[in-house]
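Trainee: Quick one: sequence and predicted model below, then my questions.
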Amino acid sequence: MFRLFAFILLVLVGAPSHAQQAFPFYNKPGSFAVGFRVVGQVDPSRSYPANAPEGARKPRPIQTAIWYPAAKGGKPMRYDDYLQLLGWDDDFTRSPAERDKVLAEWLTFVSEGKRDAQLAVERKDVRWAVRDAKALPGKYPVVIYSPSISSNVFENAEMMEFLASHGYVVIASPALGIDERGQQNDLAHAEAQAADIRFLVNYAQSLPQADASRLAVAGFSWGGLANVLAAAQDERIKALVCLDGTVRYRHAMLEKVPYLKPEQLRTPLLYLAQRPPPFERGLKHKPDHSGSILQKMTGADVYLLTMYAMEHVYFGTSYLRLDPLDFGDYSREEIAQSYALSARYVLNFLNGALKGERSGFAYLMKKPEQLGMPRHSVDSQFFAARP
């Protein structure tokens, strides 16, 4: 069921970690308390599984997670509350026992059964969000989050809570396959995820807190390809964030998409990139050097920030928390600091793109040492839109 989930874990190694602490997210919350709720929606225009016999087809499930500015008070969630969402993200009818079984299988898969003590600590970690907290009045910009291939809604829960604490309504749904829970690495599945994004864009129009005229889509890895496909078809998307998005690595595939004309996109883009891989890894994994969609987006402002401490998988906190990763020459603390800076980059870009704060864009081009990071830890490039 989850055999495709490991697609993005290109740097995963089997060495167990001995750290007995929850993943440290080093950013402080903004001025808003954070609420969280989840809704089991369906898209009646599409079937799931798509290959089911005519009489067995059901509407496509869209498990919808929402982080939002909330009234203060209430009992904060624990990280385990997010994990519980895994048990029913593709089937809302599962019994509690069936949901527990799905979660147990997933945890064994991602941790390779080697980190029971660490997992126990992570599951108890207290979060910022309060389940079903009372929403604050007012209208807030919207961020839709699109996960990596076959992943879940809480893949970057810390960043989503962070954005909500700064006055954003954040909406996410799982990266669900077409015929089964896992996705395939092909255009059809990317377009299905893009259709899920557009479903959530429509849903945002119905939320009393959401100012859907100010809407961005953020995506990690595969989600950072699906969001660009969605923006190419939906002018309601006003900004894009790619956390080492696959859109940078699949040029040959994207050239076959008739509606994707990079030079016609007017949507500003923030791209946070992993450090350049060694030549030898490129020989093994065969990167696509047939073009650069970031440079082809001549009608939009594009910010490209290379995070030298970050491997691809480090842009997802569920992996940093749960997978037995080896950080090589970097410490867990250094990776956590770099992730925290990534979240601040995302916040400041959104403040510029959706709130009109020019200081947000200026933040992106500051030297790392001005932001409390080591020199040479980030390389910043800006490609301005051409008239």
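Mentor: Nice, thanks for sending it over. Residues are numbered from 1 along each chain as shown.

Trainee: tell me which residues in stretch 299-315 are buried?
Mentor: Buried residues in stretch 299-315, counted by 16 or more other Cβ atoms under 10 Å: 300-315. In short, each C-beta sits where N, CA and C put it, glycine included.

Trainee: which one of these is nearest residue 106?
Mentor: residue 313 (16.4 Å; Cβ to Cβ).

Trainee: Disregarding flanking residues, what is the spatial nearest neighbour of that closest one?
Mentor: residue 319 (4.9 Å; Cβ to Cβ, 6 or more residues apart in numbering).

Trainee: all strands for the chain, in order.
Mentor: 33-48, 58-70, 76-78, 126-131, 140-146, 169-172, 210-220, 239-243, 269-273, 302-307, 378-383 (DSSP state E).

Trainee: Next, format these as CSV and append mean pLDDT.
Mentor: Below are the strands of the chain laid out as CSV (pLDDT from 0 to 100):
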stretch, mean pLDDT
strand 33-48, 97
strand 58-70, 97
strand 76-78, 98
strand 126-131, 98
strand 140-146, 98
strand 169-172, 98
strand 210-220, 98
strand 239-243, 98
strand 269-273, 98
strand 302-307, 98
strand 378-383, 97
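
Trainee: So what touches stretch 69-78?
Mentor: 32-36, 123-131, 133-136, 138, 140, 164-165, 167-169, 209 (Cβ atoms under 8 Å, 6 or more residues apart in numbering).

Trainee: repeat that for 6 Å
Mentor: By Cβ atoms under 6 Å, 6 or more residues apart in numbering, the surrounding residues in contact with stretch 69-78 are 32-35, 124, 126-127, 129-131, 133-136, 140, 167.

Trainee: farthest pair in those residues?
Mentor: 124 and 140 (30.3 Å).

Trainee: Not counting sequence-adjacent ones, nearest residue to residue 126?
Mentor: Residue 126's closest residue in space is residue 76 (Cβ to Cβ, 6+ apart), at 5.1 Å.

Trainee: any idea how far residue 293 is from residue 360?
Mentor: 23 Å (Cβ to Cβ, to the nearest Å).

Trainee: again, but for residue 167
Mentor: In terms of Cβ to Cβ, residue 167 sits 31 Å off from residue 293.

Trainee: Write the PyMOL selection for whichever of the contacts of stretch 69-78 are buried.
Mentor: PyMOL command restricting the contacts of stretch 69-78 to the buried ones, with burial defined by 16+ other Cβ under 10 Å:
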select buried, resi 32+33+34+35+127+129+130+133+135+136+140+167
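
Trainee: Please give the number of neighbouring residues around the nearest residue to residue 287 once chain neighbours are set aside.
Mentor: Once flanking residues are discounted, residue 287 sits nearest to residue 249: 6.4 Å by Cβ to Cβ, 6+ apart. Residues lying near residue 249 (other Cβ atoms under 10 Å) number 18.

Trainee: Residue 249 and residue 173: what is the separation?
Mentor: For residue 249, the distance to residue 173 - Cβ to Cβ - is 23 Å.

Trainee: Please apply the same query to residue 186.
Mentor: 20 Å.

Trainee: Neighbour count: the two, which is higher?
Mentor: Between residue 186 and residue 173, counting by other Cβ under 10 Å, residue 173 is the more crowded of the two (26 against 11).

Trainee: any idea how far that one lies from residue 145?
Mentor: 9 Å.

Trainee: and if you look at residue 151?
Mentor: Taking Cβ to Cβ, one finds residue 151 at 10 Å from residue 145.

Trainee: between these two, who's got more neighbours?
Mentor: residue 145 (29 against 25).

Trainee: Can you report how many residues neighbour the residue nearest to the more buried one when sequence neighbours are not counted?
Mentor: Computed as Cβ to Cβ, 6+ apart, the closest residue to residue 145 that is not its neighbour in sequence is residue 172, at 4.0 Å. Neighbour count for residue 172, taken as other Cβ under 10 Å: 28.

Trainee: repeat for residue 89
Mentor: 25.

Trainee: Then residue 365?
Mentor: Neighbours of residue 365 (other Cβ under 10 Å): 12.

Trainee: Any figure for the gap between it and residue 301?
Mentor: Taking Cβ to Cβ, one finds residue 365 at 12 Å from residue 301.

Trainee: Residues touching the longest helix seen in the chain, excluding its own?
Mentor: Once the chain is assigned using DSSP state H, the helix that runs over the most residues is helix 332-355. Residues outside helix 332-355 that contact it (Cβ under 6 Å, 6+ apart) are 19, 24, 26-27, 141, 159, 162, 166, 214, 216, 239, 241, 268, 270, 272, 307, 309-310, 314, 327, 357, 360-361, 363, 373.

Trainee: next one: stretch 164-176
Mentor: With Cβ under 6 Å, 6+ apart as the criterion, stretch 164-176 contacts 29-30, 32, 34, 62-69, 89-90, 140-145, 147, 149-153, 160, 163, 183, 193, 196, 200, 209-210, 347.

Trainee: Run the chain-centre distance for that stretch.
Mentor: 9 Å (Cα atoms, centre = their mean, to the nearest Å).

Trainee: Quick check: buried residues in it?
Mentor: 164-176.

Trainee: what's the answer for stretch 193-207, then?
Mentor: 193, 194, 195, 196, 197, 198, 199, 200, 201, 203, 204, 207.

Trainee: out of these, which are inside helices?
Mentor: Using DSSP H, the buried residues of stretch 193-207 in helices are 193, 194, 195, 196, 197, 198, 199, 200, 201, 203, 204.

Trainee: In JSON lines, list those along with distance to residue 51.
Mentor: What follows is those, written out as JSON lines (distance: Cβ to Cβ, whole Å):
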{"residue": "193", "distance to residue 51": "17"}
{"residue": "194", "distance to residue 51": "20"}
{"residue": "195", "distance to residue 51": "17"}
{"residue": "196", "distance to residue 51": "18"}
{"residue": "197", "distance to residue 51": "22"}
{"residue": "198", "distance to residue 51": "22"}
{"residue": "199", "distance to residue 51": "20"}
{"residue": "200", "distance to residue 51": "24"}
{"residue": "201", "distance to residue 51": "27"}
{"residue": "203", "distance to residue 51": "26"}
{"residue": "204", "distance to residue 51": "30"}
